[in-house]
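J.: using only what follows, build the 3D model:
(one chain, ligands or ions: 1)
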Amino acid sequence: MKLVVLISGTGSNLLKVLEACASQFIAGEVVAVISNKPSAKGLDFAQQFNVPAHVLEQSDFQSREAHDQAIADQIASYQPDYIVLAGYMRILTEQFIARFDNQIINIHPSLLPLYKGLNTHQRAIDDGQKQAGCTVHLVTPELDSGQILAQAIVPVLFDDQAESLAKRVQKAEHLLYPQVLRWLGEGELSIRPQLTFQQKKLPASGLQLTPEALEVAQAKINSTRTH
Ligand code: GRF
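T.: Residues are numbered from 1 along each chain as shown. A predicted model of the protein is given here:
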């Protein structure tokens, strides 16, 4: 399974995916990293793992469409199975999404369909939510609205600030994204011709998991592999 990862910033999810490919937890390879920001810290991780990295800045292009077209051409040259958005802070054009139909995956820091867009943690706290989490979903032209593949659920604690909740959610992201990519690589989760998990139709709400369950499952897999 070939993955191209798109980033704009820190790249902590990218790092987890790179590590999971290196340890063969994911039966796949990150074949390229693309950033729209030259300052993205995640570019260092690409270098550490010897993965080709490309920076394509919007300011070097005449329009959003031209920028997305250049990124799409760069991606297509690697013929990836999936395009993994990991903190890529741009809304993709419809043409881009149509070109890679059912191949673009995103991770979003809320339990979608709640809290699409930005500032998700503060909004969850303001609403008095008892649970928060992250969602891995397919990307469609409507923002944060594609089919949900899986969610990891964490509690909202009574004294949480946006920052403390964000940390808890991000820890869950680091478990969830590699897990979903592992399932895709193993064919356990399949998107085409239909969305299935372990050969059963995937529910519209996707798979619901806890970080604890993910951690246990991953530790088990890692220990059987190293023995
Ligand atoms: C993550 O919180 C993800 O949910 C959101 O952007 C953030 C990226 O973080 N889409 P990082 O760059 O992977 O550290």
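J.: let me know the helix or strand that whichever residue of the chain sits closest to the ligand is in.
T.: Residue of the chain nearest the ligand, by CB to the nearest ligand atom: G87 (2.6 Å). C-beta here means a position set from N, CA and C on the backbone, and glycine is covered the same way. G87 is part of no helix or strand when elements are defined by DSSP states H and E.
J.: now do it against F96, distance only.
T.: Taking CB to CB, to the nearest Å as the measure, G87 falls 17 Å from F96.
J.: where along this structure do the strands fall?
T.: Per DSSP state E, the chain carries strands over the ranges 2-7, 29-35, 53-55, 82-85, 104-108, 131-138, 148-155, 189-190, 196-197, 200-201, 207-209.
J.: distance of the nearest residue to L157 once chain neighbours are set aside relative to I7?
T.: For L157, ignoring the flanking residues on the chain, the nearest one in space by CB to CB, 6 or more residues apart in numbering is S164 at 7.4 Å. S164 sits 24 Å away from I7 when distances are taken as CB to CB.
J.: with D44 instead?
T.: Counting by CB to CB, the gap from D44 to I7 is 11 Å.
J.: higher neighbour count, the two?
T.: I7 (27 against 12; other CB atoms under 10 Å).
J.: list the contacts of the spatially closest residue to the more buried one that is not a sequence neighbour.
T.: Excluding its sequence neighbours, the residue lying closest to I7 (CB to CB, 6+ apart) is G42, at 4.2 Å. For G42, the contacting residues are I7, G9, T10, G11, S12, L14, L15, V33, S35, A86, G87, by CB atoms under 8 Å, 6 or more residues apart in numbering.
J.: what pLDDT does G42 get?
T.: G42 is assigned 98 on the pLDDT scale.
J.: the residue nearest to the residue of the chain closest to the ligand when sequence neighbours are not counted: what's it in contact with?
T.: In this structure, G87 finds its nearest non-sequential neighbour in G9, 5.0 Å apart by CB to CB, 6+ apart. By CB under 8 Å, 6+ apart, G9 lies in contact with K37, A40, K41, G42, G87, M89.
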